[in-house]
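> Sequence and computational prediction follow.
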Amino acid sequence: MCIRDRYQNSLDIHLKVFGPDHPFTANTYLNMACIFKDQKKLKKALDYIKKALAINQEKLGPDNIETGRTHFHIAEIFFHLKNIPKSKQHLETCIKIAKILKPSPGYLKLARKLLKEI
């Protein structure tokens, strides 16, 4: 069983146990998006990560660390899709969220680095 299949199994369980709008479900959507991003299936990755972002914003709030992390991964996907304005928008949101949090999350340094590249 490949890792994508394991995450799909995890998603099926989370959907059944927690429902479609739970942060655990969102985390699995984000993990699956990262797998699809690594496999260069960027449109599919974007579909999954948009679901994660919607859940995180609604359930955890717009300034939550997980919401910021999701913005970072969306920015990476848009960067690979050559949609630099969208990538920049999500990086800036990610950095704004990270600046609020103490201590700063690990993705802050990565977001700043990617923003300098674009």
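Structure's in. What do you need?

> For the chain, just list every one of the helices.
All helices of the chain, identified by DSSP state H, fall at 3-17, 23-38, 42-59, 65-80, 84-100, 107-117.

> if you compare these, which one is most tucked away?
When the helices of the chain are scored by mean count of other C-beta atoms under 10 Å, the highest mean neighbour count falls to helix 65-80 (a mean of 23). Quick note: C-beta positions are derived from backbone N, CA and C, even for glycine.

> what's that one in contact with?
By C-beta atoms under 8 Å, 6 or more residues apart in numbering, the list of residues contacting helix 65-80 from outside reads 23, 26-27, 30, 33-34, 37, 40, 42, 45-46, 49-50, 52-53, 56-57, 60-61, 84, 86-91, 93-94, 97-98, 101, 105, 107, 110-111, 114, 118.

> let's see 6 Å
Contacts to helix 65-80, defined as C-beta atoms under 6 Å, 6 or more residues apart in numbering, come from residues 30, 37, 42, 45-46, 49, 52-53, 56-57, 60, 86-87, 90-91, 93-94, 97-98, 101, 105, 107, 111.

> Output it in PDB with nothing but the alpha carbons.
As requested, the backbone C-alpha atoms of helix 65-80 are provided in PDB (Å, rounded to 0.1, in the frame of the first residue of the first chain):
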ATOM      1  CA  ILE A  65      -0.900  28.300  13.000                       C
ATOM      2  CA  GLU A  66      -2.500  25.500  11.000                       C
ATOM      3  CA  THR A  67      -4.300  28.000   8.800                       C
ATOM      4  CA  GLY A  68      -0.900  29.700   8.200                       C
ATOM      5  CA  ARG A  69       0.700  26.400   7.400                       C
ATOM      6  CA  THR A  70      -2.000  25.700   4.900                       C
ATOM      7  CA  HIS A  71      -1.500  29.100   3.200                       C
ATOM      8  CA  PHE A  72       2.200  28.200   2.900                       C
ATOM      9  CA  HIS A  73       1.500  25.000   1.100                       C
ATOM     10  CA  ILE A  74      -1.000  26.600  -1.200                       C
ATOM     11  CA  ALA A  75       1.600  29.200  -2.000                       C
ATOM     12  CA  GLU A  76       4.000  26.400  -3.000                       C
ATOM     13  CA  ILE A  77       1.400  24.800  -5.300                       C
ATOM     14  CA  PHE A  78       0.600  28.100  -7.000                       C
ATOM     15  CA  PHE A  79       4.300  28.700  -7.400                       C
ATOM     16  CA  HIS A  80       4.700  25.400  -9.200                       C
END
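
> No further queries at this time; thank you.
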